[in-house]
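> Any chance you can model this:
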Amino acid sequence: MAKMIKVTLTKSTIGASPKQKKVVEALGLKKMQYSVELPDTPQTRGAVAKVSHLVTVEEL
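Residues are numbered from 1 along each chain as shown. This is a model prediction of the structure:
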């Protein structure tokens, strides 16, 4: 089974750039304190790195 990570949106996207808002939406995060479980791939890690100041990551 592939490793998974839990990504939670902890800060608002108000004031974030449009690119950052698209990345948050692409990760599947809809609103504050919303969490999603995603596969731990380089693509996912890269997207999380773009918005690391808005999210928290937890390895499962």
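> what's the residue nearest to Tyr34 when sequence neighbours are not counted in contact with, if anything?
Nearest residue to Tyr34 in three dimensions, chain neighbours excluded: Leu9, at 5.5 Å (C-beta to C-beta, 6 or more residues apart in numbering). C-beta coordinates here come from the backbone N, C-alpha and C atoms, glycine included. For Leu9, the set of contacting residues under the criterion of C-beta atoms under 8 Å, 6 or more residues apart in numbering consists of Val24, Leu29, Lys30, Lys31, Met32, Gln33, Tyr34, Ser35, Leu54, Val55.
> Please indicate which of those residues are buried?
The neighbour-count test (16 or more other C-beta atoms under 10 Å) marks Val24, Leu29, Leu54, Val55 as buried among these.
> pretty sure the third one is touching Ala16, no?
The reference is to Leu54. Yes: the pair Leu54 and Ala16 qualifies as a contact (C-beta atoms under 8 Å) at a distance of 6.7 Å.
> list the residues that contact both of these two?
Val24.
> where does this protein dip in pLDDT?
Counting by pLDDT under 70, the ranges of the chain that qualify are 1.
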